[in-house]
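# Need a 3D model of the following:
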Amino acid sequence: MKKTILIAALFLFVGLNGLVAQKSQNYSIPCYDIKLSQPTTEFLERKPITPPKEKREMEIVISSSSTSPFDVFATVWLVKKQGNVVKGPYTIYLDQPFTRTIDTDQWGVVMTCGFENIKTSIWTQ
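Presented below is the predicted three-dimensional model:
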């Protein structure tokens, strides 16, 4: 059982490293209406100035001005600053808010999207 979990964690780590290696843009969280111009984009939370709450909400929305006949979506992973905790992958659909509870540590988002004219907004509360 331990060996299976270790192998699964290794595949996840290698896969996420491949995603991060493809990125060309880094953005800060919060961010609003960022155009996804690359297949993979990374976002990292700025350090909070005020004392952090015990739990917070990470919120993500994708939007588009195109009228695609297909379901437009993006795939996201929530990653702690050091990469020791990964939540996801999650599929986010156009104009459907996505919310996940996170702790007080610094978090990032890795987002992949194969569609054109997509914008995203990411913030925490």
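
# Please work out how many residues are found near residue 73.
18 (other C-beta atoms under 10 Å). Any C-beta I mention is one placed from the backbone N, CA and C, and that applies to glycine too.

# Settle this for me: it is touching residue 90, isn't it.
No. Counting by C-beta atoms under 8 Å, residue 90 is not a contact partner of residue 73; they are 10.0 Å apart.

# from the chain's centre, how far out does stretch 103-119 sit?
3 Å (C-alpha atoms, centre = their mean, to the nearest Å).

# what about that stretch, average pLDDT?
The average pLDDT for stretch 103-119 rounds to 92.

# One more: stretch 80-96?
So the average pLDDT for stretch 80-96 ends up being 91.

# go on, stretch 41-51?
Stretch 41-51 comes out at a mean pLDDT of 80.

# Show me the beta-bridge partners of residue 86.
Counting by DSSP bridges, residue 86 is bridged to residue 79.

# Summarise which helices and strands the helix or strand containing residue 74 is packed against.
Assessed by DSSP states H and E, residue 74 sits inside strand 73-80. Judged by 3 or more C-beta pairs under 8 Å, 6 or more residues apart in numbering; DSSP states H and E, strand 73-80 is in contact with helix 2-22, strand 56-64, strand 86-93, strand 98-102, strand 107-112.

# Show me the contact partners of the last one.
Meaning strand 107-112. Outside strand 107-112, the residues that touch it by C-beta atoms under 8 Å, 6 or more residues apart in numbering are 16, 19-20, 23, 29, 36, 39-45, 58, 60, 74-81, 120, 122, 124.
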